[in-house]
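Undergrad: Can you look at this prediction? I've put the sequence above it.
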Amino acid sequence: MKTDYDFKNLSSVPLQAKVFFTGLNGSKMVRVITVSKEITREQEKAHEQVQIEILANHANRRNAKHAQMYSAVEAEKNSEAWDKFIKKEVLVRNLSQGREVE
C-alpha cells in the first residue's frame, strides 16, 4: 500500500520499532520504541549523519528480496546504484568529517 505524505509543513516525523525477544526466564517479550526525529531539508546535512552500515544492510536486503521476487538483473542494477550512491554521496562526506567508517 503506497501513501503520499506531505512533509512540507512538518518539522519532525515519528518513528516506531517493535523488538521481539525472549526474557531471561524464557518468556516471550515485545518492546515498542517510539522516537520523533527532526526533518532536515539540507541534503548534505542528512548525508553527513547517515550510518553507512545500516544503509548498506538495507540496500542488501532490498536487493535480495527484489532478486527473489522479480529479476536478478534488475536487482544487480539496483545494487550498483546503491553502491554508487553510498560511495559518491555518503562515504565521501563521512570521511571528510573525520568519521570512522567500517
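TA: Good, I have the coordinates. Numbers count the residues shown, from 1 in each chain.

Undergrad: For the helix or strand where residue 59 lies, what is the distance to the chain centroid?
TA: For residue 59, the host element (DSSP states H and E) is helix 52-69. Between the centre of helix 52-69 and the centre of its chain there are 10 Å (Cα atoms, centre = their mean, to the nearest Å).

Undergrad: Next, give phi and psi for the residue located most distally from the centre of the chain.
TA: Taking Cα atoms, centre = their mean, the residue of the chain most remote from its mean C-alpha position is residue 25, at 33.0 Å. Backbone torsions of residue 25, given as degrees, to the nearest 10, read phi -90, psi 10.

Undergrad: what does residue 31 give?
TA: phi -130, psi 130.

Undergrad: That one is in contact with residue 16, isn't it?
TA: No - if you go by Cβ atoms under 8 Å, residue 31 and residue 16 don't touch, sitting 11.1 Å apart. Using the backbone N, CA and C atoms, a C-beta is placed for each residue, glycine as well.

Undergrad: in this structure, what spans have low per-residue confidence?
TA: Scanning the chain for pLDDT under 70 picks out 1-3, 89-102.

Undergrad: So which residues of this structure form helices?
TA: 43-48, 52-69, 72-85, 92-96 (DSSP state H).

Undergrad: neighbours around residue 63, how many?
TA: Residue 63 sits with 20 neighbouring residues when counted by other Cβ atoms under 10 Å.

Undergrad: same check, this time on residue 66
TA: When neighbours are counted by other Cβ under 10 Å, residue 66 registers 17.

Undergrad: do residue 57 as well
TA: Residues near residue 57, counting by other Cβ under 10 Å: 11.

Undergrad: Can you give me the buried ones in stretch 45-58?
TA: By neighbour count with 16 or more other Cβ atoms under 10 Å, stretch 45-58 contains the buried residues 47, 50, 56.

Undergrad: Can you measure across that stretch, start residue to end residue?
TA: Terminal residues of stretch 45-58 lie 20 Å apart, using Cα to Cα, to the nearest Å.
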